[in-house]
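Asks: what shape does this take:
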Amino acid sequence: MPAPDLSKGSGPAPMNAEARFQRWHRRKRRLLSQLPDLVRQARRTGAAEQVHLLRVSLRRLRLMVRLGRPLLPAEAVAAFRHWARGISKATSRVRDLDVALEWLQLQPDAAELIPRIQLHRERVWRRVRPRWCLLSVRWRRALERQPKTKGHSGRLARRIGKLERRYERAVRAGATRFFAMAPLAQHEFRRTLRWWRYVRECVLSRSRASRDGLIKKLLAAQEATGDRQNLMLAADAVRLCARWVRLRPTATRLSGSVDRAQKIQARRIRGALAVLAQGL
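Replies: As a prediction, this is how the structure comes out:
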């Protein structure tokens, strides 16, 4: 089934292009207004939840800017993309360790490894924290303003349709060969699942998005592949602990647990991707 033509709306109640434009603008403006507090809170406390909220909001905002790129000031878009890449890179290692800790905390025999990973995480956070800077007020305000470009709603609708088609092609190509991909390609595939889901959520009302069959399938595939990535991060943390002789026996046992969990997760991924591929 081809991706719906979102420039003409989808489902039994087509959305007016101008209404879709206003929804995109409201969500973009809300995310931009929340951004300074999210950065400050993550930088002040370094709490896992705050770091996660910052990264999720940043990803959604990057999608908003990507969708509206033809309508937004080019300088502001370039400045934002440079800043966003820096924040994403600077927070990634902290988030990776938080994910590993979440898994370890569920393992009954991981108690002696957890303090070591927590200490390492604290050191990483303190090292990268100075790079968690705010986006310039100048560029944030430029992006917050409503675009006045002629034909803006139609241009946004065409941009949405173009990105959806691109994401559909990538998902269609990768859904049946995920396990044949290199790790970097698998990671990119998972990101594509998320971007496509975000686009769908952006153009639909929350009530319609909650009922959308494609969003549900994309989310299931994204979560399945994401949980596999989380297990890989847990394996990295366990290997880190294996460097200390005293922790090596526990690390060896936990490596076995990770391997078993990955085999179970592989079956879940195959199932989720098969369901998704059948609907494309």
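Asks: what segments of the stretch 151-280 of the chain are helices?
Replies: 152-174, 183-203, 206-211, 213-241, 248-278 (DSSP state H, counting those that start in this stretch).
Asks: would you reformat the ones you listed as CSV and include distance to Val128, mean neighbour count and mean pLDDT?
Replies: C-betas here are computed from N, CA, C, even on glycine. Listed next are the helices of the stretch 151-280 of the chain as CSV, based on distance: least, CB to CB, whole Å; neighbours: other CB atoms under 10 Å; pLDDT from 0 to 100:
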stretch, distance to Val128, mean neighbour count, mean pLDDT
helix 152-174, 31, 18, 94
helix 183-203, 21, 19, 94
helix 206-211, 34, 11, 91
helix 213-241, 17, 19, 96
helix 248-278, 25, 15, 95
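Asks: for those helices, give me a markdown table that also has distance to Arg129.
Replies: Converted to a markdown table, the helices of the stretch 151-280 of the chain look like this (distance: least, CB to CB, whole Å):
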| stretch | distance to Arg129 |
| --- | --- |
| helix 152-174 | 34 |
| helix 183-203 | 25 |
| helix 206-211 | 34 |
| helix 213-241 | 20 |
| helix 248-278 | 28 |
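Asks: out of those helices, nearest to Cys133?
Replies: With CB to CB as the measure, helix 183-203 is the member of these nearest Cys133 (24.0 Å).
Asks: contact partners of the closest one?
Replies: Contact with helix 183-203 is made by 6, 15, 20, 23-24, 27, 59-60, 63-64, 67, 160, 163-164, 167-168, 170-171, 174, 178, 181, 209, 212, 214-215, 218-219, 221-222, 225-226, 229, as judged by CB atoms under 8 Å, 6 or more residues apart in numbering.
Asks: quick one, which of the helices of the stretch 151-280 of the chain is nearest to Arg123?
Replies: Here helix 213-241 is closest among these (CB to CB), at 12.1 Å.
Asks: now that closest one and helix 152-174, what's the angle there?
Replies: 60 degrees (axes from the mean of the first three to the mean of the last three CA atoms, to 10 degrees).
Asks: quick one: distance of helix 213-241 to the chain centre.
Replies: Relative to its chain's centre, helix 213-241 lies at 11 Å (CA atoms, centre = their mean, to the nearest Å).
Asks: give me the phi and psi angles of Cys133.
Replies: Here is the backbone geometry of Cys133 (degrees, to the nearest 10): phi -100, psi 170.
Asks: Leu97 is nearest to which of the helices of the stretch 151-280 of the chain?
Replies: Across the helices of the stretch 151-280 of the chain, Leu97 has its closest neighbour in helix 213-241 (6.7 Å, CB to CB).
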